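Undergrad: pasting the sequence and the predicted model now:
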Amino acid sequence: MSLLDGLRLDGLRSIPSLLWTDYSQVDEEFRDELHDRGLLALRVIAWLAILLVLLITLFFRHFEAAEHRGALRFGEELTSVALGALGLLISRTSWGRVHSRGLAVTLGLLLGVMATIDMLTSGGHQSTVFTALVIIVLVSAAVFPLRPLSMLLYGLAFAAMFATTAWLDPSLTLPLPLSWYERLFLLLVISFMAAALRVILLRLHLREHESRRVVGESLEALQRTQANLIASKRAASQGRLAAALSHELNNPVSVLASSQSVLERYLAEAVVRCERGEGLTETLERSREVAAKWREAVERIAKLARRFERFSQIDSARQRSVDVNELLDDAVGVLSGSWKDGVRVVKDYGDVPKVNAYAAGLGEVFTNVLSNAANAIDGEGEIRVTTRYGKGLVWIQVADSGRGIESDQLTAIFDPTFRVEDGRVSTGWGLFISRQIVHDHHGEFHIRSEPGEGTQVEICLPAGGRKDG
């Protein structure tokens, strides 16, 4: 059973563990927290050494006889202030940070000893030393990162100081009525106690630490899962692009294959004509026509290869200036060959600047949006791709004339588990990841739709980069 599990025990069984458990052994992160609290404790107790003199003077010395305020008392007060200032200076050194907890405890005990000496040598109110000791103990309990047993011994040390004062000067223990300023100061002490009790509950601190650890682990697991899902979706997107490219390559490859056989036949015919001494003009003309078709097919293949290379390159490690119009062209060019017959694409591109983006990420967004638009069209239909620029933003709209989406389904469109049977699309993680990619580019992603009227996807991205030319 772990230490944190042991601390969850209720009742008397948990009291011993709470008293002597070494909480620095919970884990390294919690040990670092205790170290930071030790540095805070040193600075707080140092400030207390300075402010306690002012508090005691403000609430008590004004009402004491003048003979009690001699040079000795002034020297003690000056020493307390000097100790506080020294503690603040030491807390800013590397040595002070390493030994902050021990220094804080030592400084607190010194303050208690000085308060006791002040009471014995000055003959002031008994409540003065009592109040000073109570403040030191309560403030120490609130900020010192000590195990409860150490804190108990620390408090007993101050109790021993007060008992020593009473034993050495019995007159100080005589009951005195509380005046108004003593009552006010007692209220302040109670306030200190209430604040201290709120923050010194070590079990709450441990539970808070455990909660942060669990949340951190859950967040890491969620981030890993999201990264895996994005990688999986990206692989699926690349597979869809590869399938579309394969479909688009069928035509030029078929042209090359047929042209090759025709050209071989023409070459054989040319050889025969040469042997017969006949003219080759007609054969060469037909061969040139075949070569032109061949060249056209090769250029088409090269264009598709360049598009696919630009569109599918995984350059997620860096951003670059991306031409949105060109990237949309590549997406349409690669995907349109695999769409159903009757799907028309209308391009309405504006004069828009480039954006600083991860090209592969935006390409994935455009692939998902265009594929969903094409899948939404039954029979003949239109996909209109529009780009505009205004107010420092590049706007992209993909509107289809498809089936549209019901309002109740539209509210869940970004749900990773969203499915519509016989509806517009089966989105899966596509739109969820697409919106996340756009948000990562500091942009916005919106969908509007009416059943039977089609769907409009709007994407806006901050402009960046430079326009060519």
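TA: It's in.

Undergrad: show me where the stretch 301-450 of the chain has strands.
TA: 320-322, 343-348, 355-357, 381-390, 393-400, 444-450 (DSSP state E, counting those that start in this stretch).

Undergrad: let me see the ranges of the helices in the stretch 1-150 of the chain.
TA: 3-6, 14-20, 28-59, 71-90, 94-98, 100-122, 126-143, 148-168 (DSSP state H, counting those that start in this stretch).

Undergrad: er, the stretch 251-400 of the chain I mean
TA: 281-312, 324-335, 359-375.

Undergrad: out of those helices, which gets the lowest mean score?
TA: The weakest mean pLDDT among the helices of the stretch 251-400 of the chain belongs to helix 281-312, with a mean of 68.

Undergrad: show me the protein divided up by domain.
TA: Following automatic domain parsing, one finds the domains of the chain at 3-200, 235-308, 315-462.

Undergrad: now for the helices of the stretch 1-150 of the chain, which one comes closest to residue 334?
TA: Residue 334 sits nearest to helix 28-59 of all these, at 48.6 Å, using Cβ to Cβ. Yep, even glycine has a C-beta here, placed from its N, CA and C like the rest.

Undergrad: mean confidence score for the closest one?
TA: Helix 28-59 comes out at a mean pLDDT of 76.

Undergrad: residue 385 contacts residue 345, doesn't it?
TA: Yes. The pair residue 385 and residue 345 passes the contact test of Cβ atoms under 8 Å, sitting 6.6 Å apart.

Undergrad: tell me, what's touching the two both at once?
TA: residue 332 (Cβ atoms under 8 Å, 6 or more residues apart in numbering).

Undergrad: looking at these two, which is more packed in?
TA: Taking neighbours as other Cβ atoms under 10 Å, residue 385 and residue 345 compare with residue 385 leading, 22 against 18.

Undergrad: mind checking pLDDT for that one?
TA: Confidence score, pLDDT, at residue 385: 95.

Undergrad: with the one 5 residues further on instead?
TA: Taken from the predicted model, the pLDDT recorded for residue 390 is 90.

Undergrad: could you measure from it over to residue 353?
TA: 11 Å (Cβ to Cβ, to the nearest Å).

Undergrad: which one of the two is surrounded by more residues?
TA: Just comparing residue 390 and residue 353: by other Cβ under 10 Å the higher neighbour count belongs to residue 353, 16 against 11.

Undergrad: count of residues packed around the closest residue to that one other than its chain neighbours?
TA: In space, and not counting its chain neighbours, residue 353 is closest to residue 463: 4.6 Å by Cβ to Cβ, 6 or more residues apart in numbering. The tally of other residues near residue 463 (other Cβ under 10 Å) stands at 18.

Undergrad: could you pull up phi and psi at residue 463?
TA: Listed backbone geometry of residue 463 is phi -70, psi 150, with angles given as degrees, to the nearest 10.

Undergrad: can you tell me how far it sits from residue 269?
TA: If you go by Cβ to Cβ, the gap between residue 463 and residue 269 works out to 60 Å.

Undergrad: next one: residue 292
TA: Separation of residue 292 from residue 269 (Cβ to Cβ): 18 Å.

Undergrad: ok, these two, which is more surrounded?
TA: Higher neighbour count among residue 292 and residue 269: residue 269, with 16 against 11, using other Cβ under 10 Å.

Undergrad: report pLDDT for the more buried one.
TA: So, for residue 269, pLDDT stands at 70.

Undergrad: what's the answer for residue 443, then?
TA: On the pLDDT scale, residue 443 gets 93.

Undergrad: which residues touch it?
TA: Contacts of residue 443 (Cβ under 8 Å, 6+ apart): 459-462.

Undergrad: rewinding a little: wait, the residue nearest to residue 353 touches residue 351, no?
TA: No. Between residue 463 and residue 351 there is no contact under Cβ under 8 Å: 11.7 Å.

Undergrad: joint contacts of the two?
TA: residue 389.

Undergrad: would you list the phi and psi of residue 451?
TA: phi -60, psi 130.

Undergrad: please name the nearest non-neighbouring residue to it.
TA: Among residues not flanking residue 451 along the chain, residue 404 sits closest, at 4.3 Å (Cβ to Cβ, 6+ apart).

Undergrad: okay, now the one you found: neighbour count?
TA: 20.

Undergrad: ok so, going back, against residue 82, how distant is the residue nearest to residue 353?
TA: In terms of Cβ to Cβ, residue 463 sits 61 Å off from residue 82.

Undergrad: can you check residue 100 too?
TA: Following Cβ to Cβ, the distance that separates residue 100 from residue 82 is 19 Å.

Undergrad: who has more neighbours, these two?
TA: Using other Cβ under 10 Å, the more surrounded residue of residue 100 and residue 82 is residue 100, with 23 against 12.

Undergrad: I figured the more buried one hits residue 46, correct?
TA: No. Residue 100 is beyond contact range of residue 46, at 10.4 Å (criterion: Cβ under 8 Å).

Undergrad: joint contacts of the two?
TA: Common neighbours of residue 100 and residue 46 (Cβ under 8 Å, 6+ apart) are residue 91.

Undergrad: need the pLDDT of residue 236.
TA: 59.

Undergrad: residue 172 too?
TA: At residue 172, pLDDT is 53.

Undergrad: equivalent analysis for residue 175, please.
TA: pLDDT, residue 175: 50.

Undergrad: name all residues that make contact with the nearest residue to residue 116 once chain neighbours are set aside.
TA: In this structure, residue 116 finds its nearest non-sequential neighbour in residue 161, 4.6 Å apart by Cβ to Cβ, 6+ apart. By Cβ under 8 Å, 6+ apart, the residues touching residue 161 are 112-113, 115-116, 133.

Undergrad: ditto for residue 444
TA: 438, 458-460.

Undergrad: at 10 Å what do you get?
TA: By Cβ atoms under 10 Å, 6 or more residues apart in numbering, the contact set of residue 444 is 393, 395, 435, 438, 458-461.

Undergrad: quick check, nearest of those to residue 357?
TA: residue 461 (6.9 Å).

Undergrad: by how many degrees do the helix or strand the closest one falls within and strand 393-400 diverge?
TA: Following DSSP states H and E, one finds residue 461 within strand 454-462. Angle, strand 454-462 to strand 393-400, by axes from the mean of the first three to the mean of the last three Cα atoms, to 10 degrees: 160 degrees.

Undergrad: strand 454-462 vs strand 381-390, what angle?
TA: Using the same axes, to 10 degrees: strand 454-462 against strand 381-390 is 30 degrees.

Undergrad: I'd like to know which elements strand 454-462 is packed against.
TA: With contacts taken as 3 or more Cβ pairs under 10 Å, 6 or more residues apart in numbering; DSSP states H and E, strand 454-462 sits against strand 355-357, helix 359-375, strand 381-390, strand 393-400, helix 430-440, strand 444-450.
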